[in-house]
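A.B. asks: task: produce atomic coordinates for the following.
(one chain, ligands or ions: 2)
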Amino acid sequence: MLRTARSEVCGTDVHLWHGRLSGVPYPIIPGHVSAGTLESIRGPLAALDGSRLREGDRAVFFDVHRTCGRCRACTVHHTPTRCAARRVYGITDSASEGLFGGWSQYIYLEPGVGIARLPDAVHFDDYIGGGCGLLTAVHIIERAGFQAGESVLVQGVGAVGLSAIALAKLSGAAEIFAIGDPEPRLALARDMGAALTFSLSASSAAERLAAVRDRTYGEGVDVVIEAAGSPRAIEEGVQLVRDGGRYVVAGHYTDAGPSSLNAHHDINRKHLEIRGCWGSQVHHFAEAIRILEQHAATLPWRAIGQRTYPLTALNEALADAEAMRITKALVDPWRGEG
Ligand SMILES: [Zn+2]
Ligand SMILES: [Zn+2]
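C.D. replies: Ligands and ions are numbered 1, 2, ... in the order given. Purely as a prediction, here's the structure:
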């Protein structure tokens, strides 16, 4: 049993709020990435690194559980994020089954859940500032097949895009561009490592294309990462990537509708690689913790989480997240309890 210290409101929670995800067993306890203190342990409990966990340890857990390890997705195709048995805390676990979500004072960690001790150097607010966006970004960088010296453009400066910028920088990107809104998020994007940012609303696609080509030998960037969730972003993204480059699509977690591409110009003749990126695996979780341990002191993950809400103000938190009044809302289920 984990005593929750922090959980988060992410873009998925806003979709869940509006019923936009299919197959969700409402009612649920939202909050899929969370952190806390181990309150009560039954039997010996080992962390992912093999060490023994004890009551009172600061701990975090991988929200994806019950991946079966036996189906074709898990074994033949090595794509466990597409396993049909896979479940996710706060998203696909029903409240009728127990405390499977972080918007709760306690979270039940069932047998088989991957647990890690939070390093002393990592504050709860560092971990949740990164949150699910950081785990997703670790997967994105893996999917991008990123090499030092490459140029990258990130579409979207929410939690996923901001972490993708930071990881591209740590991976040795030569130059990073970012597109998004509003200005406080663009400022965070620059703090994370973006050399040039574009306001989506204050610049045109033609201006952005010209500016990016001007700084990339007229070619466009090596890698474009889509973390925006807009069909229009896809149409622009294929223009911004160079011929023979890679385009990682990670922002369309729900069906935002079709994008219009010209197969001849945008894919075939362009020799473009388009790579989808769905969910995350336990090694992305483990790597995210190590990244925070090394870099949370110098990269502003904590600043992504701008305001912490009690359980009684979660509708307000969801509304603030949806209206982009804040970059990310955090949840402290003990706030206001005295
Ligand atoms: Zn499976
Ligand atoms: Zn999330």
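A.B. asks: how about the residues of the chain by ligand 2?
C.D. replies: For the chain, the residues in contact with ligand 2 under the definition Cβ under 5 Å from the ion are Cys10, Thr12, Cys132. No exception for glycine: its C-beta is placed from N, CA and C like everyone else's.
A.B. asks: which residues touch the closest residue to the last one other than its chain neighbours?
C.D. replies: Of all residues not flanking Cys132 in the chain, Val33 sits nearest, at 4.4 Å (Cβ to Cβ, 6 or more residues apart in numbering). Contact partners of Val33, counting by Cβ atoms under 8 Å, 6 or more residues apart in numbering, are Ser7, Glu8, Cys10, Asp63, Gly90, Gly102, Ile128, Gly131, Cys132, Leu135.
A.B. asks: go again with 6 Å.
C.D. replies: Residues in contact with Val33, defined by Cβ atoms under 6 Å, 6 or more residues apart in numbering, are Glu8, Asp63, Gly131, Cys132.
A.B. asks: next one: Gly43
C.D. replies: Neighbours of Gly43 in contact, by Cβ under 6 Å, 6+ apart: none.
A.B. asks: got phi/psi on it?
C.D. replies: Dihedral pair for Gly43: phi 80, psi 170, per degrees, to the nearest 10.
A.B. asks: could you do Asn262 as well?
C.D. replies: As for Asn262, its main-chain torsions (degrees, to the nearest 10) stand at phi -100, psi 110.
A.B. asks: and the pLDDT at it?
C.D. replies: Here, the pLDDT recorded for Asn262 equals 97.
A.B. asks: what does Gly338 give?
C.D. replies: In the predicted model, Gly338 carries a pLDDT score of 54.
A.B. asks: next, give phi and psi for Ala323.
C.D. replies: Reported as degrees, to the nearest 10, the phi and psi values for Ala323 are phi -80, psi 0.
A.B. asks: distance of Leu99 from Arg54?
C.D. replies: When distance is defined by Cβ to Cβ, to the nearest Å, Leu99 is 21 Å away from Arg54.
A.B. asks: ditto for Tyr309
C.D. replies: When distances are taken as Cβ to Cβ, Tyr309 and Arg54 turn out to be 30 Å apart.
A.B. asks: do the same with Ala288
C.D. replies: Using Cβ to Cβ, Ala288 is found at 23 Å from Arg54.
A.B. asks: contact residues of the protein facing ligand 1?
C.D. replies: By the rule Cβ under 5 Å from the ion, the part of the chain lying against ligand 1 is Cys68, Cys71, Cys74, Cys83.
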